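**Q** Below are the sequence and a predicted model; questions follow.
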Amino acid sequence: MTVRTRIQSQAVAAKVMSAEDAAAFIAPGDHVGMSGFTGFGHPKAVPAALVRRAADAAARGDRFAVSVWTGSSTAPELDGALAAVDGIDLRMPYQSDPVTRAKINAGTLEYLDVHLSHVAQMVEEGFFGHLDIALIEVTGVTADGALIPSSSAGNNNTWLDQADRAILEVNAWQPAELDGMHDIYYGTALPPDRTPIPILRAGDRIGVPHLRCPPEKIIAVVPTDHPDYPTPSRPADGDSQLIAGHVLDFLTHEVRYGRLPARLLPLQSGVGNVTNAVLGRLDGGPFAPLTAYTEVVQDGMLQLLRSGTMTVASATAFSLGEDGLAELRADIAAYRDKIILRPQEISNHPEVIRRLGCLAMNGMMEADIYGNVNSTHVMGSSMQNGIGGSGDFARHAYLAMFLSPSTVKNGAISCIVPMVSHVDHTEHDVHVIITEQGVADLRGLPPRRRAQQIINHCAHPDYQPALQDYLDRAAATGPGKHTPHLLSEALSWHVRYLKEGTMRR
Ligand code: COA
């Protein structure tokens, strides 16, 4: 099917033009709401034209930059390329690109790290200023002007509603069979007019398959034929396999003690190698049929759907590696009824997550002995990626699990520390920490007992003596300490990594 046949609306087809001409509608300093969530569903041609504009401006000693609002991270051809030519003033709400990260940490690119479920309402409330342009990739346009979404839903409905003007990219590479996979909900409102989100099961559909946009708002339509960017993946290493094994043992234990049903509760699985390994281990395992109410569909989840271990996955986007993407495209019709892509305000909605009782599994940078978790910052100051949806899920999950190797950088850095250098998830929101060493179940434990659990079960043996010594001395420094700390020493722990490279004994 050619791109022209994908644009059934005459009014929309009349706006077809080149990417350069479309990009010319975007002024320096504009706020641009782009589609895109992971490397899926981002606009491909107009951002490339913006990169050329920014490079030309730089060559003239001038600057061309815009604010880039998206669903989540995008691909290097968007985030990385635009950041490299200083074409981004401000970025939100999540990124995972090395070039963007370097500019953020150099202080030359402003970054707002926002809970993904909050973005739509904050934009509607006007907290971030006015949205000038929506730049959205779609799969096609129906005869009555409805937009068939592409491989991510993200904030696209919000961008199209809130922006003054819209530019569409119609990507013929996207499978036409995506039509019908999405569930776009238009029932949200701001307080005091908010009503319940009527999702009672992960597989419930409550919206419509298409995005709406008044034709008069559409100022340009750019045909493209360009692939999504598969999520880079590594084969699961030994630590990931051990962590996955501990997660399965823990879930089995919870079922045995009647705290979880035998088919579990809807799964949420965060980004990264470790969570993919957990999904792999669930395939054909004791828990079935599974469901997912999550943010992204990764390769491991596609495999669960393929084998029938999982019946339905609700998400906002795909985050597939090359193999998963090939599998999806080869058999997409078979997946259409098993996958629901919703706006991220709904996929990550606290009300729904709490109601369904999601089992949240997310990665982390480090946890402290009391259970506070840092998901975002290296050494308290350098942004890695962002909080993404981890807070949306952890705070409201039935069980909030954080998974990580106990050390990184070949053992030189312990991911269990006396006090985290940055807090994303407080001790109140963290139920279980799992490393390759074991499981610390923190539920129902006061601080000193939590600390002992984490040191005994999650810390690497090389770091256990130093952590135990810290806890013992902090606890011995007199009364009046519910959560014992030696503040100057706790805060110097990270600095000692820098000085000594290691604290192992
Ligand atoms: N101190 C210093 N560096 C650390 C560290 C620590 N405590 N923990 C990890 N790192 C480094 C790693 O060594 C690696 O460095 P490298 O790129 O130089 O090799 C880098 O941080 C990324 O770690 P990695 O193990 O590759 O990450 P991952 O793919 O397992 O992801 C997070 C871990 C925390 C970065 C990731 O889960 C994340 O971004 N979380 C926040 C968002 C989120 O949870 N989203 C899901 C919601 S649905």
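**A** That came through, no problem. Numbers count the residues shown, from 1 in each chain.
**Q** How about the residues of the protein by the ligand?
**A** Within reach of the ligand by C-beta under 6 Å from any ligand atom, the chain has these residues: 270-274, 295, 362-366, 375, 378, 384-385, 387-390, 408-409, 413, 415. Where C-beta positions appear, they are placed from N, C-alpha and C, glycine not excepted.
**Q** Which residues does stretch 216-226 contact?
**A** For stretch 216-226, the surrounding residues in contact (C-beta atoms under 8 Å, 6 or more residues apart in numbering) are 3-4, 7, 12-13, 15-19, 21-22, 25, 44-46, 137, 141, 160, 163-173.
**Q** repeat for stretch 169-176
**A** With contact meaning C-beta under 8 Å, 6+ apart, stretch 169-176 is reached by 1-3, 6-7, 41, 43-46, 135-141, 150-151, 221-228, 329, 332.
**Q** Tell me how far the closest residue to His482 other than its chain neighbours lies from Gly272.
**A** What sits nearest to His482 in space, not counting adjacent residues and going by C-beta to C-beta, 6 or more residues apart in numbering, is Pro447, at 6.1 Å. From Pro447 across to Gly272, the span is 28 Å (C-beta to C-beta, to the nearest Å).
**Q** now Val495
**A** As judged by C-beta to C-beta, Val495 and Gly272 stand 27 Å apart.
**Q** neighbour count winner among the two?
**A** Gly272 (20 against 11; other C-beta atoms under 10 Å).
**Q** Per-residue pLDDT of that one, please?
**A** Each residue has a pLDDT score; the one for Gly272 is 80.
**Q** Quick one: residues contacting it.
**A** Gly272 sits in contact with Gly363, where contact means C-beta under 8 Å, 6+ apart.
**Q** for Arg473, same thing?
**A** By C-beta under 8 Å, 6+ apart, the neighbours of Arg473 are Leu486.
**Q** Centroid-nearest residue for the protein?
**A** Gly388 (4.4 Å; C-alpha atoms, centre = their mean).
**Q** buried sites along stretch 345-356?
**A** Residues of stretch 345-356 classed as buried by neighbour count (16 or more other C-beta atoms under 10 Å): 345-350, 352-353, 355-356.
**Q** give the contact list for Leu359.
**A** 251, 260, 264-268, 397-399, 401.
**Q** actually Leu486, not the one I wrote
**A** Listed by C-beta under 8 Å, 6+ apart, the contact set of Leu486 reads 418, 470, 473-474, 477.
**Q** Ok, Val430 next?
**A** Val430 touches 367, 371-373, 394, 400, 402, 442, counting by C-beta under 8 Å, 6+ apart.
**Q** and if you look at Ala394?
**A** 360, 362, 373, 400, 402, 425, 429-430.
**Q** Kindly report the same for Ala315.
**A** 292, 294-297, 339-342, 347.
**Q** Mind checking which of those are in helices?
**A** Ser347 (DSSP state H).
**Q** Can you tell me which of the contacts of Ala315 comes closest to Lys481?
**A** Glu295 (38.3 Å; C-beta to C-beta).
**Q** Wait, that closest one touches Gly270, no?
**A** Yes. Shown here, Glu295 and Gly270 form a contact pair, counting by C-beta atoms under 8 Å, at 7.4 Å.
**Q** domain assignment for this protein?
**A** As given by automatic domain parsing, the domain ranges for the chain are 3-224, 238-460.
**Q** Now the terminal residues of the last one, how far apart.
**A** Translated: domain 238-460. 15 Å (C-alpha to C-alpha, to the nearest Å).
**Q** Wait, Arg281 touches Leu248, no?
**A** Yes. Under the criterion of C-beta under 8 Å, Arg281 makes contact with Leu248 at 5.4 Å.
**Q** For the stretch 51-200 of the chain, which segments are assigned as helices?
**A** 81-84, 98-106, 119-124, 156-162 (DSSP state H, counting those that start in this stretch).
**Q** can you list those helices in CSV and add mean neighbour count and distance to Pro215?
**A** CSV is the format used below for the helices of the stretch 51-200 of the chain (neighbours: other C-beta atoms under 10 Å; distance: least, C-beta to C-beta, whole Å):
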stretch, mean neighbour count, distance to Pro215
helix 81-84, 23, 29
helix 98-106, 18, 34
helix 119-124, 20, 22
helix 156-162, 25, 12
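**Q** In contact with the residue of the stretch 51-200 of the chain found nearest the ligand: list those residues for me.
**A** Proximity of the stretch 51-200 of the chain to the ligand (C-beta to the nearest ligand atom) peaks at Ser96, 6.5 Å away. Contact partners of Ser96, counting by C-beta under 8 Å, 6+ apart, are 73, 271, 385-386.
**Q** mind running it again at 10 Å?
**A** 38-39, 72-74, 79, 231-232, 271, 384-386, 388 (C-beta atoms under 10 Å, 6 or more residues apart in numbering).
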